[in-house]
Every structure is written in C-alpha cells, then in structure tokens.
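S.K.: everything below, folded, please.
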Amino acid sequence: MPSTSSWTPSSNSTASRDAAWQTFEGEEIVYTHSYGIARGNQPADENTKYRIASISKAVTATLAMHLVDQGKLSLGDELVSIHPALQNPAYPDDPATLQMLLTHTSGIIDGAGYNRAISRGIFPSLDVVMQSNNFSGSRPGERYSYSNFGLGLVCAAIEQATGVPFRDYAKSELFDPLGLDAGFMTNDIDDPQTIAALGSVDPLSWGDMEKAYSQIPLGQMYLLGQGELYISAVDLAKSRDDSCRGRQFLDSDSQRVQFLSQQALEQMHTPMVYDPQTNTTRGLAVQMTEDILDGTTLWGHQGNAYGVISCFVFTTATPQGVVFLNNRASQMRTESKVYAVNDAVVKAIWQYLG
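M.R.: Alright, predicted model coming up:
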C-alpha cells in the first residue's frame, strides 16, 4: 500500500476547499492524502491544522477518563461541585453527573444563557451564563439531548480536579508527550499559518483567543473541549491509540505508562444511550455506527462547524480507522443520519484496505 500521497489542485479548483485523510491499521499509518488550498495560495499538506469541531469531544473525554483512572475525577461526580446553578431547579433531588455530561443526558442544553454567551467577542464567566435558562424539561439522566454546553463543562471539571487551565492540561498531558502540534486555541499552534481557513470564516481573523476567554475563571471553563481543537489529520491519527487501545508514554524514568486503563477504554466504548430521532448510539463522548459498513461496528465522532464536515472512525477489536478532515463540505446526510461525505469517504477507504 502507498504510505503518502498529495495533490495540488489545478487553477479550476475551488481555492477555499481542502481536505486531508489519514488511514491506519494497528500501529501503522498506511495512507496519507492532502489536497486543495489551506489558506491564500498555500496548498494543504500533512502539517495543515483543522478546527475539528465535535471530534474534539472524544479527546476531551479521553482527558477526563485519564483523571478518572487517577482517582481525581469520578463519573458519579455531581455538577453542583462545578457550580451550584448547575442543579436543575425543577429536579432538586436529582443531581446531574459527569457521566451524564459525557452521554448528553444531563438535561443541560445549549439554552438561552449559553447561546448569548457564545455570540460575544469576549466570553463571560459561567456565573453570567447560568443567569439564564440552560435546562431541558427532562430529569437528569432521563433523556438524550446533544449539548455542546454540557461537553464544554467537562473542561470545568478537569480544571477543578487539576488546578490547571484545561488547554494547558491537554498540552502537558497529551499533546506534548505525543509530540503533537495541537491545541484548543489558535495561540497554541506553533505556526498559526498552518491553520486552514474554514468554509465561512478564518480562525485567525478572530484575533487573540486568550483575550476572548480571559473572563472565564479557572474552574469555570465551558468552552474549548466541545469543539475547538486545532490539529492535523496525521496528528489526530497518531493519537488514535488513546481511543482504540490506550496510548503508552515514556515517563521521566523511561518507564512505559499507559494513558488510559483497559477499564476506562471499555467504559468509553460501552453503549450507554440511544437516540432514535438521530439514530445515534453513544458511549462516553464517542458515537457508534453500524450503518456505514455491513458487519462492522465503527466508533468515533463526526464534526460539523463553520462548513467543516469531518470524521474520525475506527474499529476497536483489530484497530483500523480513518481520519478525514476538510474545511468545506455539504451537510447532506444519509438516511442513517451519517453525513454523506463521511459515509462515502469511509466506504472508499475500507474498500481500499480490502
């Protein structure tokens, strides 16, 4: 099989459209492909960083489960420990938990307070966000309702458990040990010019991201982890073992340390909730689908924001997988609710893998 491939588009190609694939089998990346223009006249290549939207949620869950392994977090931790206003006043005796955030069953939704907050240039504190309603009418744990706000609050739990800003924790615990140029703000990328412009916006036009988040105190982060990770396809593929089998690092004494325990991995991949309306089965911030490949269960996540439609899917028994990132694609879905472009890409890659 070829190990790398690249293509520079002709002058008739759409200048603002680019994409990257990484395909892996076990420990080996077996296929790499980039095409199109990342920004200006700069061709996309294996170093191009994409804002991967909701695929970020799976990375955030991995970081949280690392702390569960260490006993610093528990899936049963109640959200009132993050902020007292996170107790749904309609159900005062039914606390929402960290596990509910990771399965989108907490009853916390992208409500009025959250939507107003993310429309600002400088994001307010969680105190301000919770002054308006952000609850569904459901009892905590009762019903699935996809929530960016809920997954963002996992970052607050991580900050409270570590005493470290979420983006710094991700960098020191995951990105740096793996040698990845990745981060949850454009400021965290070594060369910001490697960040792809998106379908409708250029992330670099947002300016100083540190300033945008400056009003959110430590322990109140409700953004970043829900969809704001910048990473290349090749680096996301390198981190695949964190979701597939548990990445092993060398510590300061050159001893191998597994990032996630087998128990944590099994918890992440255990089906916990199914939503018939969206045909979505989920574990802990990971999706499961049997609708793309006959006889094959794929785990992972899709991403959709600012024109990005992307996916990171893999098998768990004998790790094979695909990372597909792009900066503009149709939002059309198949009958099974999978984005059509992701469905087509995965089918084509699996046919190539044989």
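S.K.: just give me the longest strand of the protein.
M.R.: If you go by DSSP state E, the chain has its longest strand at strand 28-39.
S.K.: ok, then the element right after it?
M.R.: strand 42-43 (DSSP states H and E).
S.K.: what's that next one packed up against?
M.R.: Judged by 3 or more CB pairs under 8 Å, 6 or more residues apart in numbering; DSSP states H and E, the packing partners of strand 42-43 are strand 28-39. Quick note: C-beta positions are derived from backbone N, CA and C, even for glycine.
S.K.: so what strands line up beside the strand it packs on?
M.R.: strand 5-7 (parallel), strand 18-25 (antiparallel), strand 42-43 (antiparallel) (DSSP bridges).
S.K.: can you say which of those strands is nearest to residue 269?
M.R.: Within these, the stretch nearest residue 269 is strand 18-25; the backing value is 17.4 Å (CB to CB).
S.K.: could you pull up the mean pLDDT of the closest one?
M.R.: The pLDDT scores in strand 18-25 average 84.
S.K.: which residues touch it?
M.R.: Contact with strand 18-25 is made by 29-38, 43-44, 46, 48, 50, 196, 232-234, 236-237, 240, 314, 319-327, 329, 345, 349, 352-353, as judged by CB atoms under 8 Å, 6 or more residues apart in numbering.
S.K.: just to revisit the earlier point, just the strands paired with strand 28-39: most buried one?
M.R.: Comparing those by mean neighbour count (mean count of other CB atoms under 10 Å), strand 18-25 ranks first with a mean of 23.
S.K.: and that one, how far out from the chain's middle?
M.R.: Relative to its parent chain, strand 18-25 has a centroid offset of 17 Å by CA atoms, centre = their mean, to the nearest Å.
S.K.: make 23 the starting number, not 1.
M.R.: Okay, using 23 as the starting number, the last item reads as strand 40-47.
S.K.: kindly export it (C-alpha atoms) in CSV.
M.R.: The C-alpha trace of strand 40-47 is given here as CSV (Å, rounded to 0.1, in the frame of the first residue of the first chain):
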residue,chain,number,x,y,z
ASP,A,40,-9.1,21.4,1.1
ALA,A,41,-9.1,18.1,2.9
ALA,A,42,-6.8,15.5,4.4
TRP,A,43,-7.0,11.8,5.1
GLN,A,44,-5.1,9.5,7.4
THR,A,45,-5.8,5.8,7.3
PHE,A,46,-4.3,3.4,9.9
GLU,A,47,-4.1,-0.3,10.6
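S.K.: give me the phi and psi for residue 66.
M.R.: phi -70, psi 140 (degrees, to the nearest 10).
S.K.: contacts only, for residue 213.
M.R.: Contacts of residue 213 by CB under 8 Å, 6+ apart are 69, 203.
S.K.: so residue 257 touches residue 204, yeah?
M.R.: Yes - taking contacts as CB atoms under 8 Å, residue 257 lies within contact range of residue 204: 5.5 Å.
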